[in-house]
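K.L.:
Sequence first, then the predicted structure:
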Amino acid sequence: MRITEVNVRKMKMMMKSPFTTSFGTFQEKEFLLVEVKDEHGNSGWGESVAFHSPWYSEETVETNLHIIRDFLVPIVLENAIEHPDEVNELFSHLRKNNMAKSAVEGAIWDVYAKRKGIPLAQALGGTAEKIEVGISIGINENMQELIQTVGGFVKEGYKRIKVKIKPGFDVNVMRELRQQFPDVPMMADANSAYRLEDLDVLKQLDQFGLTMIEQPLASDDIIDHAKLQPHLKTPICLDESIHSLEDARKAIELGSTKIINIKIGRVGGLTEAKKIHDYCLEQKIPVWCGGMLESGIGRAHNVALTTLPNFVLPGDTAGSSRYWDEDIIVPEVTVQDGYITVPKEAGIGYAVNPEALDRFTIDKWQFVK
Ligand code: OSB
Ligand code: MG
(Lines give C-alpha, C1' and ligand atoms only; values in the text may rest on other atoms or scores of the structure.)
(Ligands and ions follow the chains in the order given, each with its own letter.)
Protein backbone atom coordinates (compact mmCIF):
# COMPACT_ATOMS: atom_id res chain seq x y z
CA MET A 1 0.00 0.00 0.00
CA ARG A 2 1.19 3.52 -0.81
CA ILE A 3 -0.15 6.62 0.91
CA THR A 4 -0.33 9.27 -1.81
CA GLU A 5 -2.09 12.11 0.00
CA VAL A 6 -2.58 13.30 3.59
CA ASN A 7 -5.14 15.92 4.57
CA VAL A 8 -5.08 17.51 8.00
CA ARG A 9 -7.95 19.58 9.34
CA LYS A 10 -8.17 21.70 12.45
CA MET A 11 -11.68 21.37 13.84
CA LYS A 12 -13.68 23.31 16.38
CA MET A 13 -16.90 21.92 17.86
CA MET A 14 -18.98 23.17 20.79
CA MET A 15 -19.83 20.55 23.37
CA LYS A 16 -23.45 20.42 24.53
CA SER A 17 -22.43 21.11 28.11
CA PRO A 18 -19.20 22.17 29.83
CA PHE A 19 -16.91 19.38 31.10
CA THR A 20 -15.05 19.97 34.39
CA THR A 21 -12.17 17.96 35.82
CA SER A 22 -9.73 18.62 38.66
CA PHE A 23 -7.80 20.79 36.14
CA GLY A 24 -10.55 23.07 34.94
CA THR A 25 -13.54 23.46 32.64
CA PHE A 26 -13.94 23.54 28.91
CA GLN A 27 -16.76 23.51 26.42
CA GLU A 28 -15.11 24.30 23.11
CA LYS A 29 -13.30 21.34 21.60
CA GLU A 30 -10.46 22.00 19.16
CA PHE A 31 -8.77 18.97 17.61
CA LEU A 32 -7.09 17.66 14.46
CA LEU A 33 -8.39 15.15 11.96
CA VAL A 34 -6.10 13.25 9.60
CA GLU A 35 -7.28 11.76 6.31
CA VAL A 36 -4.95 9.50 4.31
CA LYS A 37 -5.58 8.41 0.72
CA ASP A 38 -4.09 5.32 -0.89
CA GLU A 39 -3.08 4.78 -4.52
CA HIS A 40 -6.62 3.58 -5.38
CA GLY A 41 -8.34 6.62 -3.88
CA ASN A 42 -9.56 4.86 -0.69
CA SER A 43 -9.54 7.19 2.26
CA GLY A 44 -8.94 6.52 5.95
CA TRP A 45 -9.58 8.77 8.93
CA GLY A 46 -7.86 9.33 12.26
CA GLU A 47 -8.39 11.80 15.10
CA SER A 48 -5.85 13.44 17.38
CA VAL A 49 -7.10 13.48 20.96
CA ALA A 50 -4.69 16.26 22.00
CA PHE A 51 -6.52 19.21 23.50
CA HIS A 52 -6.05 22.91 22.86
CA SER A 53 -3.98 23.29 26.04
CA PRO A 54 -1.61 20.85 27.78
CA TRP A 55 -3.64 20.08 30.94
CA TYR A 56 -4.10 16.33 30.45
CA SER A 57 -0.77 15.68 28.72
CA GLU A 58 2.01 17.84 27.29
CA GLU A 59 0.68 17.46 23.73
CA THR A 60 -1.57 20.13 22.21
CA VAL A 61 -3.34 20.71 18.90
CA GLU A 62 -0.45 22.93 17.78
CA THR A 63 2.36 20.54 18.83
CA ASN A 64 0.49 17.74 17.03
CA LEU A 65 0.21 19.83 13.88
CA HIS A 66 3.97 20.46 13.97
CA ILE A 67 4.85 16.80 14.53
CA ILE A 68 2.38 15.51 11.93
CA ARG A 69 3.30 18.01 9.24
CA ASP A 70 7.07 18.12 9.72
CA PHE A 71 7.86 14.53 10.74
CA LEU A 72 5.07 11.98 10.34
CA VAL A 73 3.62 12.95 6.95
CA PRO A 74 7.01 12.70 5.16
CA ILE A 75 7.48 9.20 6.63
CA VAL A 76 4.11 7.87 5.44
CA LEU A 77 4.47 9.43 2.00
CA GLU A 78 7.98 7.98 1.54
CA ASN A 79 7.42 4.39 2.70
CA ALA A 80 5.35 1.55 1.30
CA ILE A 81 3.24 0.06 4.12
CA GLU A 82 1.99 -3.52 3.90
CA HIS A 83 0.33 -3.64 7.31
CA PRO A 84 -0.57 -0.84 9.77
CA ASP A 85 1.49 -2.54 12.52
CA GLU A 86 4.54 -1.27 10.58
CA VAL A 87 3.63 2.36 11.25
CA ASN A 88 4.48 2.11 14.96
CA GLU A 89 7.93 0.86 13.91
CA LEU A 90 8.37 3.58 11.24
CA PHE A 91 7.68 6.23 13.92
CA SER A 92 9.76 4.59 16.64
CA HIS A 93 12.86 6.77 16.20
CA LEU A 94 10.74 9.81 17.12
CA ARG A 95 10.25 10.19 20.87
CA LYS A 96 6.79 10.42 22.47
CA ASN A 97 4.24 12.70 20.74
CA ASN A 98 1.92 9.69 21.00
CA MET A 99 -1.31 11.51 20.15
CA ALA A 100 0.16 12.87 16.92
CA LYS A 101 1.44 9.40 15.96
CA SER A 102 -1.87 7.81 16.83
CA ALA A 103 -3.89 10.19 14.64
CA VAL A 104 -1.84 9.23 11.56
CA GLU A 105 -1.61 5.53 12.43
CA GLY A 106 -5.39 5.40 13.03
CA ALA A 107 -6.08 6.79 9.55
CA ILE A 108 -3.81 4.10 8.09
CA TRP A 109 -5.62 1.34 10.03
CA ASP A 110 -8.91 2.63 8.62
CA VAL A 111 -7.72 2.72 5.01
CA TYR A 112 -6.11 -0.73 5.41
CA ALA A 113 -9.40 -2.23 6.64
CA LYS A 114 -11.31 -0.53 3.82
CA ARG A 115 -8.93 -1.99 1.21
CA LYS A 116 -9.51 -5.43 2.73
CA GLY A 117 -13.25 -4.81 2.86
CA ILE A 118 -13.41 -5.72 6.57
CA PRO A 119 -14.48 -3.80 9.69
CA LEU A 120 -11.64 -2.18 11.65
CA ALA A 121 -12.67 -4.31 14.65
CA GLN A 122 -11.99 -7.47 12.62
CA ALA A 123 -8.68 -6.09 11.31
CA LEU A 124 -7.63 -5.67 14.96
CA GLY A 125 -8.69 -9.20 15.86
CA GLY A 126 -11.78 -8.17 17.81
CA THR A 127 -14.88 -10.34 17.89
CA ALA A 128 -17.52 -8.65 20.10
CA GLU A 129 -20.66 -7.63 18.17
CA LYS A 130 -21.73 -5.13 20.80
CA ILE A 131 -19.80 -3.41 23.55
CA GLU A 132 -20.79 -2.35 27.05
CA VAL A 133 -20.51 1.36 27.76
CA GLY A 134 -20.27 3.55 30.80
CA ILE A 135 -20.21 7.31 31.07
CA SER A 136 -17.84 9.87 32.58
CA ILE A 137 -19.41 12.80 34.38
CA GLY A 138 -17.53 16.02 35.10
CA ILE A 139 -17.38 17.87 38.40
CA ASN A 140 -20.53 19.78 39.28
CA GLU A 141 -20.54 21.41 42.71
CA ASN A 142 -24.33 21.63 42.62
CA MET A 143 -25.23 18.29 44.18
CA GLN A 144 -28.87 18.34 43.10
CA GLU A 145 -27.85 18.89 39.48
CA LEU A 146 -25.21 16.17 39.69
CA ILE A 147 -27.74 13.66 41.06
CA GLN A 148 -30.11 14.56 38.24
CA THR A 149 -27.38 14.13 35.63
CA VAL A 150 -26.35 10.74 37.01
CA GLY A 151 -30.00 9.65 37.27
CA GLY A 152 -30.60 10.58 33.63
CA PHE A 153 -27.68 8.49 32.40
CA VAL A 154 -28.60 5.55 34.64
CA LYS A 155 -32.08 5.68 33.08
CA GLU A 156 -30.54 5.73 29.59
CA GLY A 157 -28.93 2.41 30.49
CA TYR A 158 -25.22 3.26 30.88
CA LYS A 159 -23.52 0.30 32.55
CA ARG A 160 -21.38 2.24 35.01
CA ILE A 161 -21.08 5.79 36.17
CA LYS A 162 -17.70 7.48 36.53
CA VAL A 163 -17.56 10.72 38.45
CA LYS A 164 -14.66 13.15 38.51
CA ILE A 165 -13.39 13.99 42.00
CA LYS A 166 -10.89 16.45 43.47
CA PRO A 167 -9.86 17.38 47.03
CA GLY A 168 -12.93 18.79 48.76
CA PHE A 169 -15.26 17.21 46.20
CA ASP A 170 -14.90 13.53 46.97
CA VAL A 171 -16.11 11.62 50.05
CA ASN A 172 -19.32 13.62 50.52
CA VAL A 173 -20.14 13.44 46.84
CA MET A 174 -19.61 9.69 46.57
CA ARG A 175 -21.59 9.13 49.79
CA GLU A 176 -24.53 11.10 48.42
CA LEU A 177 -24.41 9.35 45.04
CA ARG A 178 -24.13 5.92 46.65
CA GLN A 179 -27.20 6.67 48.77
CA GLN A 180 -29.17 7.75 45.71
CA PHE A 181 -27.95 4.91 43.47
CA PRO A 182 -27.18 1.95 45.77
CA ASP A 183 -26.85 -0.67 43.00
CA VAL A 184 -25.22 1.21 40.14
CA PRO A 185 -21.59 0.27 39.36
CA MET A 186 -19.71 3.45 40.19
CA MET A 187 -16.11 4.67 40.06
CA ALA A 188 -14.18 7.90 40.63
CA ASP A 189 -11.50 9.59 38.48
CA ALA A 190 -9.15 12.01 40.24
CA ASN A 191 -7.02 13.04 37.24
CA SER A 192 -3.94 13.10 39.51
CA ALA A 193 -5.40 15.50 42.10
CA TYR A 194 -4.12 13.73 45.26
CA ARG A 195 -0.82 12.95 47.00
CA LEU A 196 0.16 10.11 49.33
CA GLU A 197 -0.47 12.46 52.25
CA ASP A 198 -4.18 12.34 51.30
CA LEU A 199 -4.34 8.65 52.28
CA ASP A 200 -7.05 9.22 54.90
CA VAL A 201 -9.43 10.73 52.37
CA LEU A 202 -8.71 8.05 49.76
CA LYS A 203 -9.28 5.30 52.37
CA GLN A 204 -12.71 6.75 53.16
CA LEU A 205 -13.74 6.12 49.55
CA ASP A 206 -13.42 2.36 50.22
CA GLN A 207 -16.80 2.33 51.99
CA PHE A 208 -18.71 3.07 48.77
CA GLY A 209 -17.85 -0.14 46.90
CA LEU A 210 -16.39 1.64 43.88
CA THR A 211 -15.30 -0.62 41.03
CA MET A 212 -12.03 1.34 40.96
CA ILE A 213 -10.36 4.69 41.57
CA GLU A 214 -8.70 6.12 38.46
CA GLN A 215 -5.34 7.94 38.60
CA PRO A 216 -5.49 9.25 42.16
CA LEU A 217 -1.80 10.35 42.26
CA ALA A 218 0.61 12.22 40.00
CA SER A 219 0.31 11.84 36.24
CA ASP A 220 3.91 10.60 35.88
CA ASP A 221 3.92 8.35 38.94
CA ILE A 222 4.01 4.58 39.34
CA ILE A 223 5.97 4.41 42.62
CA ASP A 224 3.56 6.15 44.98
CA HIS A 225 0.58 4.35 43.43
CA ALA A 226 2.30 1.08 44.36
CA LYS A 227 2.70 2.36 47.92
CA LEU A 228 -0.93 3.46 48.02
CA GLN A 229 -2.64 0.32 46.71
CA PRO A 230 -2.02 -1.95 49.76
CA HIS A 231 -3.82 0.62 51.94
CA LEU A 232 -6.97 0.61 49.76
CA LYS A 233 -9.62 -2.02 49.13
CA THR A 234 -10.67 -0.16 45.98
CA PRO A 235 -8.57 -1.22 42.98
CA ILE A 236 -6.40 1.51 41.44
CA CYS A 237 -6.72 2.02 37.67
CA LEU A 238 -4.00 4.00 35.90
CA ASP A 239 -4.77 6.37 33.04
CA GLU A 240 -2.26 9.28 32.67
CA SER A 241 0.75 7.18 33.81
CA ILE A 242 0.58 4.57 31.01
CA HIS A 243 2.04 5.55 27.61
CA SER A 244 3.33 2.22 26.33
CA LEU A 245 3.51 -1.53 26.83
CA GLU A 246 6.70 -0.96 28.84
CA ASP A 247 4.90 1.46 31.19
CA ALA A 248 2.12 -1.11 31.63
CA ARG A 249 4.60 -3.89 32.39
CA LYS A 250 6.44 -1.82 35.00
CA ALA A 251 3.24 -0.60 36.68
CA ILE A 252 1.83 -4.12 36.86
CA GLU A 253 5.12 -5.57 38.17
CA LEU A 254 5.26 -2.92 40.88
CA GLY A 255 1.63 -3.42 41.88
CA SER A 256 0.74 0.18 41.02
CA THR A 257 -2.40 -0.77 39.12
CA LYS A 258 -4.97 -3.57 39.07
CA ILE A 259 -6.87 -2.31 36.02
CA ILE A 260 -5.71 -0.27 33.01
CA ASN A 261 -7.59 2.43 31.12
CA ILE A 262 -6.33 2.16 27.52
CA LYS A 263 -6.59 5.33 25.43
CA ILE A 264 -5.44 4.86 21.86
CA GLY A 265 -4.00 8.37 21.59
CA ARG A 266 -2.17 8.29 24.91
CA VAL A 267 -0.31 5.08 23.99
CA GLY A 268 0.59 6.11 20.43
CA GLY A 269 -1.93 4.16 18.41
CA LEU A 270 -3.91 0.98 17.89
CA THR A 271 -0.88 -1.30 17.49
CA GLU A 272 0.52 -0.33 20.91
CA ALA A 273 -3.00 -0.42 22.42
CA LYS A 274 -3.35 -4.00 21.17
CA LYS A 275 0.03 -4.96 22.67
CA ILE A 276 -0.99 -3.54 26.05
CA HIS A 277 -4.32 -5.36 25.78
CA ASP A 278 -2.60 -8.68 25.02
CA TYR A 279 -0.09 -8.28 27.85
CA CYS A 280 -2.83 -7.39 30.34
CA LEU A 281 -4.83 -10.45 29.24
CA GLU A 282 -1.80 -12.64 30.01
CA GLN A 283 -1.32 -10.92 33.36
CA LYS A 284 -5.04 -11.14 34.25
CA ILE A 285 -5.32 -7.35 34.43
CA PRO A 286 -8.72 -6.24 33.09
CA VAL A 287 -8.76 -3.25 30.73
CA TRP A 288 -11.31 -0.75 29.47
CA CYS A 289 -11.27 1.91 26.79
CA GLY A 290 -10.95 5.50 28.00
CA GLY A 291 -12.34 8.52 26.21
CA MET A 292 -11.05 11.97 25.28
CA LEU A 293 -14.35 13.66 24.38
CA GLU A 294 -13.80 12.56 20.80
CA SER A 295 -15.77 13.37 17.69
CA GLY A 296 -17.34 10.44 15.86
CA ILE A 297 -14.09 9.48 14.17
CA GLY A 298 -12.10 8.93 17.36
CA ARG A 299 -15.18 7.35 18.89
CA ALA A 300 -15.40 4.82 16.04
CA HIS A 301 -11.77 3.81 16.65
CA ASN A 302 -12.56 3.31 20.35
CA VAL A 303 -15.55 1.13 19.50
CA ALA A 304 -13.40 -1.08 17.24
CA LEU A 305 -10.64 -1.50 19.86
CA THR A 306 -13.15 -2.37 22.57
CA THR A 307 -14.16 -5.54 20.66
CA LEU A 308 -10.94 -7.25 21.83
CA PRO A 309 -11.57 -9.91 24.50
CA ASN A 310 -9.91 -8.34 27.55
CA PHE A 311 -12.07 -5.19 27.38
CA VAL A 312 -14.21 -6.68 30.13
CA LEU A 313 -15.18 -3.45 31.89
CA PRO A 314 -17.50 -0.79 30.42
CA GLY A 315 -15.53 2.05 28.77
CA ASP A 316 -16.05 5.82 28.56
CA THR A 317 -17.10 5.79 24.89
CA ALA A 318 -20.63 7.15 25.28
CA GLY A 319 -22.97 7.96 22.39
CA SER A 320 -22.39 11.00 20.12
CA SER A 321 -25.44 12.77 21.56
CA ARG A 322 -23.84 12.90 25.02
CA TYR A 323 -21.31 15.41 23.63
CA TRP A 324 -22.60 16.98 20.41
CA ASP A 325 -25.78 18.45 18.98
CA GLU A 326 -24.53 17.13 15.67
CA ASP A 327 -21.58 14.76 15.14
CA ILE A 328 -19.48 14.63 11.95
CA ILE A 329 -20.29 10.99 11.16
CA VAL A 330 -23.37 9.19 9.82
CA PRO A 331 -24.90 7.33 11.43
CA GLU A 332 -23.91 8.81 14.79
CA VAL A 333 -22.70 6.48 17.56
CA THR A 334 -25.79 5.45 19.50
CA VAL A 335 -26.20 3.61 22.81
CA GLN A 336 -29.07 1.23 23.46
CA ASP A 337 -29.59 -0.31 26.90
CA GLY A 338 -25.95 0.44 27.66
CA TYR A 339 -24.53 -1.15 24.50
CA ILE A 340 -23.07 0.16 21.26
CA THR A 341 -23.58 -2.18 18.30
CA VAL A 342 -20.29 -2.61 16.44
CA PRO A 343 -20.68 -1.59 12.78
CA LYS A 344 -20.25 -4.27 10.11
CA GLU A 345 -19.18 -1.92 7.30
CA ALA A 346 -15.55 -1.82 6.19
CA GLY A 347 -13.05 0.37 8.07
CA ILE A 348 -14.26 2.48 11.00
CA GLY A 349 -17.78 1.67 9.81
CA TYR A 350 -19.22 5.18 10.00
CA ALA A 351 -19.20 7.61 7.06
CA VAL A 352 -17.89 11.14 7.42
CA ASN A 353 -20.59 13.75 6.76
CA PRO A 354 -18.80 16.15 4.37
CA GLU A 355 -21.15 19.06 5.04
CA ALA A 356 -20.77 18.89 8.85
CA LEU A 357 -17.03 18.27 8.42
CA ASP A 358 -16.60 21.52 6.47
CA ARG A 359 -18.81 23.49 8.83
CA PHE A 360 -16.60 22.59 11.83
CA THR A 361 -13.26 22.97 9.98
CA ILE A 362 -11.32 26.11 10.91
CA ASP A 363 -8.13 25.39 8.93
CA LYS A 364 -6.76 22.68 6.63
CA TRP A 365 -3.56 21.48 4.99
CA GLN A 366 -2.91 19.08 2.12
CA PHE A 367 0.24 17.04 1.53
CA VAL A 368 0.80 15.03 -1.65
CA LYS A 369 3.59 12.78 -2.76
O1 OSB B 1 -9.34 11.32 32.54
O2 OSB B 1 -10.50 9.94 31.46
C3 OSB B 1 -10.11 11.09 31.63
C4 OSB B 1 -11.95 13.54 29.36
C5 OSB B 1 -10.88 14.33 28.96
C6 OSB B 1 -9.62 14.05 29.42
C7 OSB B 1 -9.42 13.03 30.31
C8 OSB B 1 -10.47 12.23 30.73
C9 OSB B 1 -11.76 12.51 30.24
C10 OSB B 1 -12.94 11.78 30.64
C11 OSB B 1 -14.14 11.80 29.71
O12 OSB B 1 -13.06 11.20 31.69
C13 OSB B 1 -14.13 10.67 28.75
C14 OSB B 1 -15.14 10.85 27.65
O15 OSB B 1 -16.32 10.96 27.94
O16 OSB B 1 -14.72 10.88 26.47
MG1 MG C 1 -8.96 9.46 33.49
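P.N.:
On my side now, so go ahead. Ligands and ions are numbered 1, 2, ... in the order given.
K.L.:
Contacts only, for the residue of the chain found nearest ligand 1.
P.N.:
When distances are taken as Cβ to the nearest ligand atom, the chain reaches nearest to ligand 1 at Gly291, 2.3 Å away. Every C-beta, even on glycine, is put in place using the N, C-alpha and C of the backbone. For Gly291, the contact set (Cβ atoms under 8 Å, 6 or more residues apart in numbering) comprises Ser136, Lys263, Arg299, Asn302, Gly315, Asp316, Thr317, Ala318.
K.L.:
hmm, try it at 6 Å
P.N.:
Contact analysis of Gly291 by Cβ atoms under 6 Å, 6 or more residues apart in numbering lists Asp316, Thr317.
K.L.:
tell me the pLDDT at it?
P.N.:
pLDDT for Gly291: 98.
K.L.:
what does the one 3 residues further on give?
P.N.:
The score at Glu294 is 98. That number is its pLDDT.
K.L.:
what's the burial count for it?
P.N.:
25 (other Cβ atoms under 10 Å).
K.L.:
Also Ile139?
P.N.:
18.
K.L.:
Please verify my assumption that it contacts Val163.
P.N.:
No. If you go by Cβ atoms under 6 Å, Ile139 and Val163 don't touch, sitting 8.1 Å apart.
K.L.:
outside of the lengthiest strand in the chain, which residues touch it?
P.N.:
Among the segments of the chain that qualify as a strand by DSSP state E, the longest is strand 3-21. With Cβ under 6 Å, 6+ apart as the test, strand 3-21 has contacts from 25, 27-37, 39, 73, 76-77, 138-139, 164, 191, 323, 360-369.
K.L.:
Let's see which of the residues you listed end up in helices.
P.N.:
Assigned to helices by DSSP state H, the following of those qualify: Val73, Val76, Leu77.
K.L.:
Which residues of the chain lie near ligand 2?
P.N.:
Within reach of ligand 2 by Cβ under 5 Å from the ion, the chain has these residues: Asp189, Glu214, Asp239.
K.L.:
Run a quick neighbour tally on Asn142.
P.N.:
9.
K.L.:
how about it, phi and psi?
P.N.:
phi -90, psi 100 (degrees, to the nearest 10).
K.L.:
contacting residues for it?
P.N.:
Contacts of Asn142 (Cβ under 6 Å, 6+ apart): none.
K.L.:
Where do the helices of the stretch 251-369 of the chain begin and end?
P.N.:
270-282, 296-305, 354-359 (DSSP state H, counting those that start in this stretch).
K.L.:
Just name the most buried of those.
P.N.:
Most buried of the helices of the stretch 251-369 of the chain, by mean neighbour count (mean count of other Cβ atoms under 10 Å): helix 296-305, with a mean of 28.
K.L.:
any idea how far it is from the chain center?
P.N.:
Between the centre of helix 296-305 and the centre of its chain there are 9 Å (Cα atoms, centre = their mean, to the nearest Å).
K.L.:
That one and ligand 1, are they touching?
P.N.:
No. Helix 296-305 is not in contact with ligand 1 by Cβ under 6 Å from any ligand atom; minimum separation 8.2 Å.
K.L.:
just checking, what packs against that helix?
P.N.:
Counting contacts by 3 or more Cβ pairs under 6 Å, 6 or more residues apart in numbering; DSSP states H and E, helix 296-305 packs against strand 43-47, helix 120-124.
K.L.:
could you dump those to JSON lines with mean neighbour count and mean pLDDT?
P.N.:
Output for the helices and strands packed on helix 296-305, formatted as JSON lines (neighbours: other Cβ atoms under 10 Å; pLDDT from 0 to 100):
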{"stretch": "strand 43-47", "mean neighbour count": "26", "mean pLDDT": "98"}
{"stretch": "helix 120-124", "mean neighbour count": "23", "mean pLDDT": "98"}
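K.L.:
Reformat those as JSON lines; add distance to ligand 1.
P.N.:
Listed next are those as JSON lines, based on distance: least, Cβ to the nearest ligand atom, whole Å:
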{"stretch": "strand 43-47", "distance to ligand 1": "12"}
{"stretch": "helix 120-124", "distance to ligand 1": "19"}
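K.L.:
Columns distance to Ser295 on top of the ones you listed, output as TSV?
P.N.:
What follows is the helices and strands packed on helix 296-305, written out as TSV (distance: least, Cβ to Cβ, whole Å):
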stretch	distance to Ser295
strand 43-47	6
helix 120-124	16
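K.L.:
pLDDT on stretch 303-315, on average?
P.N.:
98.
K.L.:
Then stretch 348-355?
P.N.:
98.
K.L.:
chain center to it, what's the gap?
P.N.:
19 Å.
K.L.:
which residues does Glu132 contact?
P.N.:
If you count contacts by Cβ under 6 Å, 6+ apart, then Glu132 has Lys159, Pro314 around it.
K.L.:
Now Val104: closest residue in space that isn't a chain neighbour?
P.N.:
Leu72 (4.8 Å; Cβ to Cβ, 6 or more residues apart in numbering).
K.L.:
number of nearby residues for the one you found?
P.N.:
So Leu72, with other Cβ under 10 Å, has 24 neighbours.
K.L.:
I'd say it and Ser102 touch.
P.N.:
No. Assessed by Cβ under 6 Å, Leu72 is found out of contact with Ser102, at 10.2 Å.
K.L.:
contacts for stretch 143-155?
P.N.:
Ile135, Ile137, Asn140, Ile161, Glu176, Gln180, Val184.
K.L.:
CSV for those residues, including secondary structure?
P.N.:
Output for the contacts of stretch 143-155, formatted as CSV (DSSP: H, G, I helix; E, B strand; the rest coil):
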residue, secondary structure
Ile135, strand
Ile137, strand
Asn140, coil
Ile161, strand
Glu176, helix
Gln180, helix
Val184, coil
